[in-house]
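S.K.: Just a sequence and a predicted model for now, questions to come.
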Amino acid sequence: MGQFNKGIRHDGGTYNVEVDLEGDQAVISFGASFTLRLDEKNIDKLRDLLYEASRGLSWNRSWNTLSCNTEQDTVELPRVHTAAEDDFVQAGTDAREQQKLDRMMKGTASPITNDPIDW
């Protein structure tokens with residue numbers, strides 16, 4: 001039995017998905033059908049891909065339940081952010097916070113200001 005395992009239902013039944021860690025790789029077995037041997041970087045890619053697919057299915061489900069008259073109503077579609085976009089936004093936030101700390105350390109800014117960038 002794998003170090004990590006789950007029964008995953010699909011349209012033909014249930015697969016026992018097992019994951020074993022071997023050195024710097026994870027071995028992912030989908031029942032007796034096939035096995036993936038991935039390093040950390042490619043596991044992250046697979047995780048991002050599965051997350052985006054899950055978000056797409058959620059969006060499709062939500063969209064199918066909406067009842068709107070397209071001539072009168074407009075529906076704004078949600079934007080799905082990628083991990084790279086999230087990292088870019090976080091880097092900007094981190095840089096802004098570091099600038100604020102640098103100003104405080106130099107004595108050029110007080111901890112409490114009325115500048116909206118510091119809110």
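M.R.: Arrived safely. Residues are numbered from 1 along each chain as shown.
S.K.: in the strand or helix carrying R103, what counts as buried?
M.R.: Per DSSP states H and E, R103 falls inside helix 83-106. Buried residues in helix 83-106, counting neighbours by 16 or more other Cβ atoms under 10 Å, are found at K100. Using the backbone N, CA and C atoms, a C-beta is placed for each residue, glycine as well.
S.K.: now swap in stretch 11-30 and tell me
M.R.: Y15, E18, V19, D20, A26, I28, S29.
S.K.: Just the ones of these in strands?
M.R.: Mapping the buried residues of stretch 11-30 onto strands (DSSP state E) picks out Y15, E18, V19, D20, A26, I28, S29.
S.K.: want to throw these into CSV with pLDDT and distance to M104?
M.R.: Below are these laid out as CSV (pLDDT from 0 to 100; distance: Cβ to Cβ, whole Å):
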residue, pLDDT, distance to M104
Y15, 83, 55
E18, 91, 51
V19, 91, 46
D20, 92, 49
A26, 91, 44
I28, 89, 47
S29, 89, 53
